[in-house]
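Participant: please work out how this folds:
(2 chains)
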Number of protein chains: 2
Amino acid sequence: MAKLSNGTISVIFVAQRTELDADGYAKAAAMMSELAAQQDGYIGIDSTRGTDGLGITISYWTDEASAKAWRDHPDHSAIRDAGRDLWYSDYSLHVAKVTRSYDWKKA
Amino acid sequence: MAKLSNGTISVIFVAQRTELDADGYAKAAAMMSELAAQQDGYIGIDSTRGTDGLGITISYWTDEASAKAWRDHPDHSAIRDAGRDLWYSDYSLHVAKVTRSYDWKKA
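Facilitator: From the prediction side, this is the model:
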């Protein structure tokens, strides 16, 4: 994401994938990205995963209320159970409020 | 990182690698990780990069002052120039204060 406004809510999800259900996971991840982007207050997402299966996804929201509404979205909650059953061996999730932001691009 | 205390400062660095100087980059990245870990207020780091060269690194600090001291560390500042000259085509950096945090591990 480019430079963010102060007060933007970042939801940092750091998760270790198991080797299970690659197809199901890929489908669900694509579905969730699409659904998140349709929610009120969605700003954008940064996401990457290394070949060791460690992934970091950060979604950005205009305020706490939209971040919480996405957390509580029924489809998102349902998919979380599959995450714990199949896709992840461990994860952490941190919600953090942006206080400074910069971006840079090669001229 | 496991569950973080509220008020923890997260420094989110999202960067697209060029294809230049893989060896120099790997050496510098290892050096910077080691040096960061020696700084006052350092809590830990999460870092991953996809095969497309997009990397996300988040470092966690006990407070703003330690995050800023690391930003201003002379060795860290020097390496930043190499980052712009050689290693990155674009990046963004967001500083954000943790307001909620969870972790989960398969039983």
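Participant: from here on, just use CA atoms for contacts and neighbour counts.
Facilitator: Noted.
Participant: which residues does residue A:4 contact?
Facilitator: A:98, A:100-102, B:94 (CA atoms under 8 Å, 6 or more residues apart in numbering or on different chains).
Participant: so which residues of chain A form helices?
Facilitator: Using DSSP state H, the helices found in chain A span residues A:22-37, A:64-72, A:74-82.
Participant: out of the ones you listed, deepest packed?
Facilitator: Each of the helices of chain A was scored by mean neighbour count; the highest is helix A:64-72, a mean of 16, by mean count of other CA atoms under 10 Å in any protein chain shown.
Participant: and the angle from that one to helix A:22-37?
Facilitator: Calculated by axes from the mean of the first three to the mean of the last three CA atoms, to 10 degrees, helix A:64-72 forms an angle of 150 degrees with helix A:22-37.
Participant: contacts for helix A:64-72, please.
Facilitator: A:9, A:11, A:36, A:39-42, A:61, A:76-77.
Participant: residue A:20 and residue A:84 touch, don't they?
Facilitator: No: in this structure, residue A:20 is not within contact of residue A:84 by CA atoms under 8 Å, at 11.5 Å.
Participant: sorry, back to before: right, and out of the contacts of helix A:64-72, which lies closest to residue A:28?
Facilitator: residue A:76 (9.8 Å; CA to CA).
Participant: got a markdown table for the contacts of helix A:64-72, with pLDDT too?
Facilitator: What follows is the contacts of helix A:64-72, written out as a markdown table (pLDDT from 0 to 100):
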| residue | pLDDT |
| --- | --- |
| A:9 | 98 |
| A:11 | 98 |
| A:36 | 97 |
| A:39 | 98 |
| A:40 | 98 |
| A:41 | 98 |
| A:42 | 98 |
| A:61 | 98 |
| A:76 | 95 |
| A:77 | 93 |
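Participant: who wins on neighbours among these?
Facilitator: Tallying neighbours with other CA atoms under 10 Å in any protein chain shown puts residue A:9 at the head of those, with 30 neighbours.
Participant: thanks again, I'm all set now.
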